[in-house]
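# Here is a sequence with its predicted model. Questions after.
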Amino acid sequence: VQLQAFGGGLVQTGGSLRLSCAASGSISTIKVMGWYRQTPGKQRELVAYITTHGGRIVIADSVKGRFTISRDNVNNTVYLHMNSLLPEDSAVYYCNADPTYYIGSPRSSWGQGTLVTVSS
């Protein structure tokens with residue numbers, strides 16, 4: 001599975017961005033897709049994920065109420081809708097697709113990362 005992420009950029013505090021992650025290749029193997037983020041010196045943090053079928057959604061407490069995740073199975077794309085952005089949301093955001101239901105497993109695929117910068 002190959003993943004291509006889009007949509008990062010610079011935004012002011014309180015603003016919004018939408019990240020997109022387009023999957024290609026062995027699409028039928030994907031059970032769950034989601035987003036992680038990472039800042040320098042910190043571990044990669046799970047932000048949100050959604051199952052391919054059934055649409056089960058999990059959102060991290062740190063972004064709950066501000067971020068949502070959705071999927072378009074026709075176009076094999078997952079979106080991360082980020083609202084009310086804060087400076088602490090600044091990070092490189094990585095898309096992940098997993099053939100198991102355990103997002104981020106060693107069998108998963110990663111996108112190239114897209115930088116989100118929130119100015120205060």
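Perfect, thanks for sending it. Numbering: from 1, shown residues only.
# What ranges does this structure have for its strands?
In the chain, the strands defined using DSSP state E lie at 2-6, 9-12, 17-24, 32-38, 45-51, 57-59, 67-72, 77-82, 91-98, 109-110, 114-119.
# can I get these in JSON lines with mean neighbour count and mean pLDDT?
C-beta: built from backbone N, CA, C; applies to glycine. Listed next are the strands of the chain as JSON lines, based on neighbours: other CB atoms under 10 Å; pLDDT from 0 to 100:
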{"stretch": "strand 2-6", "mean neighbour count": "17", "mean pLDDT": "96"}
{"stretch": "strand 9-12", "mean neighbour count": "13", "mean pLDDT": "98"}
{"stretch": "strand 17-24", "mean neighbour count": "19", "mean pLDDT": "97"}
{"stretch": "strand 32-38", "mean neighbour count": "24", "mean pLDDT": "98"}
{"stretch": "strand 45-51", "mean neighbour count": "20", "mean pLDDT": "97"}
{"stretch": "strand 57-59", "mean neighbour count": "16", "mean pLDDT": "97"}
{"stretch": "strand 67-72", "mean neighbour count": "18", "mean pLDDT": "96"}
{"stretch": "strand 77-82", "mean neighbour count": "22", "mean pLDDT": "97"}
{"stretch": "strand 91-98", "mean neighbour count": "23", "mean pLDDT": "98"}
{"stretch": "strand 109-110", "mean neighbour count": "16", "mean pLDDT": "97"}
{"stretch": "strand 114-119", "mean neighbour count": "17", "mean pLDDT": "98"}
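# Centroid-nearest residue for the protein?
Trp35 (2.3 Å; CA atoms, centre = their mean).
# mind listing what that residue touches?
Applying CB atoms under 8 Å, 6 or more residues apart in numbering to Trp35 gives the contacts 19, 21, 46-49, 69, 78, 80, 93-96.
# So what touches stretch 77-88?
Contacts of stretch 77-88 (CB under 8 Å, 6+ apart): 11-23, 33-35, 47-48, 50, 63, 66-72, 89, 93, 95, 116, 118-120.
# Report the backbone C-alpha coordinates of it in CSV.
Output of stretch 77-88 as CSV, limited to C-alpha atoms (Å, rounded to 0.1, in the frame of the first residue of the first chain):
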residue,chain,number,x,y,z
THR,A,77,-8.9,8.6,0.8
VAL,A,78,-9.1,9.5,4.5
TYR,A,79,-9.4,13.0,5.8
LEU,A,80,-8.4,14.6,9.0
HIS,A,81,-10.5,17.7,9.7
MET,A,82,-8.7,20.0,12.1
ASN,A,83,-10.6,22.9,13.7
SER,A,84,-9.8,25.3,16.5
LEU,A,85,-6.1,24.7,15.9
LEU,A,86,-3.7,25.5,18.7
PRO,A,87,0.1,26.0,18.6
GLU,A,88,0.6,22.7,20.3
